[in-house]
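Student: 3D model of this:
(chains A and B)
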Amino acid sequence: MSGGHVKLESLTKRFGDVTAVNEISVEIQAGEFFSVLGPSGCGKTTTLRMVAGFEPPTSGKILLDGTDVGSWAPHRRNVNTVFQSYALFPFLTVAENVAFGMKYRSVPKSERDSRVAEALEMVQLSGYENRRPNQLSGGQQQRVALARALVLRPSVLLLDEPLGALDAKLRRTLQVELGALQKQVGITFLYVTHDQEEALTMSDRLAVMNHGRVAQLGTPEEVYNEPADAYVADFLGVSNLMDARVEKSGNGQGPCRLRLGDFTLEAQAGQLDATGDVKLAIRPERIHLRPYESSGVNCVPGMVERLVFLGSTTHIYVRLATGSALQTLVRNEGEAVPYTQGTPVSVDLPPDALRVLPDPGVSVTEIHDETLGDQPLDLTGSVQATG
Amino acid sequence: MASTVGESVTTSAPSQAEPVPSRRPRGNPWRRPYAMEGFTWLYIVWSIVPIAIAVLFSFNKGASQATWQGFSTKWYVGNQVTSVLHNPSLHQAVIQTIVLAVLTTLICVPIGVGFAIGIDRWRTRTANGLNVVMIFSFVIPELLLAVALFLLVTQALTFIKLGTPAEVAGLVVWNISWPAIIVRARLVSIGRTYEEAACDLGASRLGAIWRVLIPLLAPAIFASAVLVFASTVDDFVIVEQLSSTSNTQPMSVLIYSNVHAGLSGPALNALATIMLVLSLVAALIGYVGYRWMSRGERTKGGADALTGIAGI
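Tutor: Numbering: from 1, shown residues only, chains lettered A, B, ... in the order given. Predicted structure coming up:
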C-alpha cells in the first residue's frame, strides 16, 4: 500500500475540563519512522488513539494522504495499531490472529495463507502458526501483534509503547529489529513512547510532547544536541541545568557572557541573544573534571559528592562552589577513577557545550516533579483503564 | 586447621545455655490445628450425612425409611406402580423440572448477556442504578417476588397462564442476575482493548462483538448458564406459587406436597436423589467447562474458575 502521509492540523482533544491534546500540528512524511516522546499524561497516547480512530477529536483535522479521516470509524481507516498489551485474541492461534483482518480486506482466500506465512517470516516466527498466544513469550507475542498489523499493509502503522512490557535486554534487541523492519517494509511508523532511548535510536524524526503540546520537533540529533528549552533538555537524557543570568548577550557570532554565582561563564550554544534569567544546560559527557585550581575558561571549582559505578561508565556527581549539582561521567577503561567522595576538583564546562535556554519561569526541579509525578493529568492511562 | 574448627565448635557450645526468653511460647506454633480441622470435619458430617442417608434409603429394598433391607433400584425403575419410572406424577415431575430448567436457561442467558453488554456500554448514572437492581434478587425475599408475580399474572398480565409459561417467566426474572452479573464482571476484566483491536483490523462494532467479544465472554456465559440451570432445578418458592395443575409441578413441589401430606416413601427419596444428581452434574459440567474454555488465559487457574462461576 502506497501513501502514508499524515498531517495533524490543530488537533485538540478535551476530556471534560482537561485538555489532553492541545492544538498540535505535525506533518509526517510517507515512509518515515516518527516518534512521539513524552512522560505519561502528556497526551501522546491520546494523539495516537485519535489517529487510530478510537477517540474522536474535539477539534482539528487528521489528514491521511490528504483526506480528513477525523470522523471515520477505526475500521474504515487504512491504519493499524500495535497495542501496548498486544491484544492478541487468546482463543485464536497465531496464524488465525494474523489472518483476522484479511477477512475484511477482500484478500482472496488462496492468498491469505501465503500472506500469513510471509508476515510471520518477516517477524521470525515461522513454525509458530498453530500455537496459542499464551504459549508464547512476551517478545514473541509482540512480534505476532506486529505481523497481524503488517499483513494488512496499512499506509500507517501506529505503535503504542509496544516494548513497554518487555525486559531491558529484549527491548534493545527489538528496537534494532523494529528499526530494520520499518526500513524493509517502508510503511510510515507513528511510534509513541516515554523511553527517550527508544525514540532516539529508532526515529527519523521525533516530537517531544509536554502537557498536550509539542515542545520540540526534529531529528534525534537536533533534539538531543540542541534542545529548544529546559524541559526538552531535561527529558532527553540526563541534563545538567543551572540558573544563570545573562551579563552580556552574544550579538552575532560572539559568545554570551553569563553570571553563575560568583563566576562568569561563556556560552556558545543555544539562545545567545537571550537576556535576564536563563537556564544553562550541559550534557554530562561534555563536562571535564580537572585537577583542583586548574585555570582556564569556564573552570569552576567543585567537590565530588558521589560516585555511581554503572559498568561501562562511572557517574560522578559534583557540587559546584555556586551550589549547583552537576552530573558527569567517565568511561571505565581499566584504570581506577582518580576521585573519591570529597575530592576537590575543577569543573571544566566548555563554552561550545554550554547551552543557553529560555527560562520557562519555574525552577527545573518543579518541571521535573510535574512531568514525572503528575497523576491527575494521566489521561491516556485512565482512558485505557476505564476502556 | 581441623583442631581450630573443633575448638570453635566447643567454644560456641555454651552459648546454647544462654538464658532463654522469660516467656516461652505455649506449645508448638507449627503443630497441626486440630481444633480447626475437627470443626471443619464436624461441619462436613453435619451437612452431608442427612443427605447421604436420604440418598441411601432411596436404594432400600423395603419401604422402610428407618431400617436397611438390602440394595435395590426398585424405587427408580423396578416397582410397577410407585417407582419414579412408572408413577406418572413422579416422572412427569422429572420431565417438568428439566423442561423448566432448559427453557429458563435458554431465555434467561441471552437476555442477561445483552443486559450486561448494554450496561457496560451505556455508562451513565441510570445504567449504574440498573446495575444495582440486578442485585435485588439476592436481597429481596423470594416469596415476596413469587407472590407479586402470582398477582401480576392472575390480575394484570392474564395472557401469561399459570403453569409452565408463568413458571418460566418467574424463573427468568429471578435468575437473570446470574448472567448479568457474571458476564458484566468478565466484561470489566476483559476491557475494551480486544474490541478496539478487532475494529482496528477492520471489523465493524457489531462484527467485533460477534467475532471477539462473544468468544471472550464464552466462559462466563457458559458458567452463568450452568448456574441458572442448577438454580432452576433447585427452585421451589416461585414454581410452587406459579404452577397450576399437578402436571406442571416440578420435583421440588411434588416432594414438598407429598411429604407435607405424610406420604413420604422411598420413591420420593429417589426423586430427591435425581434432583440432587441433576444439580451436581450441572455444577460439575460448569466447573470443567469453564476451565476448558478459559484455558487460553495464562494467569487463570482453578481457583479462578471457581470464583468465575461464583461471579466474584
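Student: quick one, helices of the chain?
Tutor: You didn't say which chain, so I picked chain A. A:44-52, A:94-99, A:109-122, A:138-150, A:168-185, A:196-202, A:220-225, A:230-235, A:364-372, A:379-386 (DSSP state H).
Student: I was after chain B.
Tutor: Under the criterion DSSP H, chain B contains helices at B:2-12, B:34-57, B:88-122, B:125-139, B:142-151, B:164-175, B:177-190, B:193-200, B:205-208, B:214-234, B:237-242, B:251-260, B:266-293, B:302-310.
Student: of all these, which one is nearest chain A?
Tutor: helix B:193-200 (3.8 Å; CB to the nearest CB). Glycine gets a C-beta too; all of them are placed from N, C-alpha and C.
Student: next, the angle from that closest one to helix B:214-234.
Tutor: Here helix B:193-200 runs at 130 degrees with respect to helix B:214-234, directions being taken by axes from the mean of the first three to the mean of the last three CA atoms, to 10 degrees.
Student: which residue is nearest the middle of chain B?
Tutor: Central residue of chain B (CA atoms, centre = their mean): B:Leu227, 4.8 Å from the mean position.
Student: leaving out sequence neighbours, find the closest residue to that one.
Tutor: B:Trp178 (4.7 Å; CB to CB, 6 or more residues apart in numbering or on different chains).
Student: hmm, back to that, put together a markdown table for the helices of chain B, with mean pLDDT on each row.
Tutor: Formatted as a markdown table, the helices of chain B follow (pLDDT from 0 to 100):
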| stretch | mean pLDDT |
| --- | --- |
| helix B:2-12 | 43 |
| helix B:34-57 | 90 |
| helix B:88-122 | 89 |
| helix B:125-139 | 78 |
| helix B:142-151 | 90 |
| helix B:164-175 | 90 |
| helix B:177-190 | 89 |
| helix B:193-200 | 92 |
| helix B:205-208 | 89 |
| helix B:214-234 | 90 |
| helix B:237-242 | 88 |
| helix B:251-260 | 84 |
| helix B:266-293 | 85 |
| helix B:302-310 | 46 |
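Student: distance to A:Ser85 added to those helices, as CSV?
Tutor: What follows is the helices of chain B, written out as CSV (distance: least, CB to CB, whole Å):
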stretch, distance to A:Ser85
helix B:2-12, 56
helix B:34-57, 41
helix B:88-122, 19
helix B:125-139, 26
helix B:142-151, 42
helix B:164-175, 34
helix B:177-190, 11
helix B:193-200, 6
helix B:205-208, 16
helix B:214-234, 14
helix B:237-242, 43
helix B:251-260, 47
helix B:266-293, 21
helix B:302-310, 19
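Student: residue contacts, the closest residue to B:Leu278 other than its chain neighbours?
Tutor: If the residues on either side of it in the chain are set aside, B:Leu278 comes closest to B:Val233, at 4.9 Å by CB to CB, 6+ apart. The contact partners of B:Val233, by CB atoms under 8 Å, 6 or more residues apart in numbering or on different chains, come to B:Thr97, B:Ala101, B:Met251, B:Met275, B:Leu278, B:Ser279, B:Ala282.
Student: and for B:Val81?
Tutor: Residues near B:Val81 by CB under 8 Å, 6+ apart: B:Asn87.
Student: phi and psi next, for it.
Tutor: Main-chain torsions, B:Val81, degrees, to the nearest 10: phi -110, psi -50.
Student: check the one 5 residues further on too.
Tutor: For B:His86, the backbone dihedrals are phi -100, psi -20 (criterion: degrees, to the nearest 10).
Student: that one and B:Tyr76 touch, don't they?
Tutor: No. Using CB atoms under 8 Å, B:His86 is not in contact with B:Tyr76, being 9.9 Å away.
Student: who has more neighbours out of those two?
Tutor: B:Tyr76 (21 against 15; other CB atoms under 10 Å in any protein chain shown).
Student: how close does the more buried one get to B:Leu217?
Tutor: In this structure, B:Tyr76 and B:Leu217 are 39 Å apart, going by CB to CB, to the nearest Å.
Student: also A:Arg14?
Tutor: Distance, A:Arg14 to B:Leu217, using CB to CB: 33 Å.
Student: and B:Val237, by the same measure?
Tutor: 30 Å.
Student: with neighbour numbers in mind, choose between those two.
Tutor: Counted by other CB under 10 Å, B:Val237 and B:Leu217 do not tie: B:Leu217 has more neighbours, with 23 against 18.
Student: pull the contacting residues for the more buried one.
Tutor: B:Leu217 touches B:Val113, B:Val183, B:Arg186, B:Leu187, B:Ile190, counting by CB under 8 Å, 6+ apart.
Student: give me that answer again for 6 Å
Tutor: Neighbour list for B:Leu217: B:Val183, B:Arg186 [criterion: CB atoms under 6 Å, 6 or more residues apart in numbering or on different chains].
Student: surely the residue nearest to the centre of chain B and B:Ser177 touch.
Tutor: No. Counting by CB atoms under 6 Å, B:Leu227 does not reach B:Ser177; the two are 10.0 Å apart.
Student: quick one: low-confidence parts of chain A?
Tutor: Residues of chain A that meet the criterion pLDDT under 70 lie in A:1-2, A:252-253, A:360-387.
Student: please parse it into its domains.
Tutor: A:6-225, A:230-359 (automatic domain parsing).
Student: let's have the ones you listed in CSV, adding distance to chain B.
Tutor: CSV is the format used below for the domains of chain A (distance: least, CB to the nearest CB, whole Å):
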stretch, distance to chain B
domain A:6-225, 3
domain A:230-359, 28
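Student: buried deepest among those, which one?
Tutor: Sort those by mean neighbour count, taking mean count of other CB atoms under 10 Å in any protein chain shown, and domain A:6-225 sits at the top with a mean of 19.
Student: which parts of chain B sit against chain A?
Tutor: Residues of chain B lying close to chain A (CB under 6 Å from any CB of the partner chain) are B:192-194, B:196-197, B:199-204, B:215, B:296-298.
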